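Novice: sequence unknown, structure follows:
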C-alpha cells in the first residue's frame, strides 16, 4: 500500500517538475490553481495604431474655412426653423417645464 502511495507522490512531483520546466523553456505562464487570468488577452499585440492608420486624416477638423461654413449653415437652418416656429424653445419653456407646471 505504501509503495503505491509513494509512486503516486513521485509521479505527481515529476509531472509538476516537467510542467514547470516546460513553462520556463517555452515562456508560458504557470497557472497551477487554474484561476482565470487576463494573460491571454494581455499578450496579444495592440492594434490601435493600425486601426488609426486605416482611416484617412480628416482635413475638415483643422480647416477653419470649412468649420466656419458649417457653423454658418447651422445658424441659417436654425434661423429658418425659428421663422416657421419649429426652432428650439427658450430655456425653461420646454416640454419638461410645461409638464412640471401642470
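Specialist: Done, it's in. Note that the structure is predicted; figures quoted are calculated from it, not measured. Numbers count the residues shown, from 1 in each chain.
Novice: dihedrals phi and psi, the most centrally placed residue in the chain?
Specialist: The residue lying closest to the centre of the chain (CA atoms, centre = their mean) is residue 48, at 10.4 Å. Note on residue 48: its backbone torsions stand at phi -60, psi -40 [degrees, to the nearest 10].
Novice: how much space between it and residue 78?
Specialist: Distance, residue 48 to residue 78, using CB to CB, to the nearest Å: 37 Å. All C-beta spots, glycine's among them, are computed from the backbone N, C-alpha and C.
Novice: contacts for the longest helix along the chain?
Specialist: Across the chain, the longest stretch assigned as helix under DSSP state H is helix 2-26. Identification of contacts with helix 2-26 by CB atoms under 8 Å, 6 or more residues apart in numbering yields 28-30, 32.
Novice: can you name the next helix or strand after it?
Specialist: Toward the C-terminus, helix 2-26 is succeeded by helix 39-42 as the next helix or strand (DSSP states H and E).
Novice: which other helices and strands contact that next one?
Specialist: With contacts defined as 3 or more CB pairs under 8 Å, 6 or more residues apart in numbering; DSSP states H and E, helix 39-42 has no helix or strand neighbours.
Novice: helix, strand, or coil at residue 87?
Specialist: When classified by DSSP: H, G, I helix; E, B strand; the rest coil, residue 87 comes out as coil.
Novice: distance of it relative to residue 71?
Specialist: 17 Å.
Novice: between those two, which is the more surrounded one?
Specialist: Ranked by neighbour count (other CB atoms under 10 Å), residue 87 and residue 71 place residue 87 first, with 13 against 10.
Novice: taking the mean pLDDT, what do you get for the longest helix of the chain?
Specialist: The pLDDT scores in helix 2-26 average 87.
Novice: hmm, back to that, now do the contacts for the residue nearest to the centre of the chain.
Specialist: Going by CB under 8 Å, 6+ apart, the list of residues near residue 48 is empty.
Novice: let's have the chain start at 43 instead
Specialist: Yep, numbering from 43; the last one is residue 90 now.
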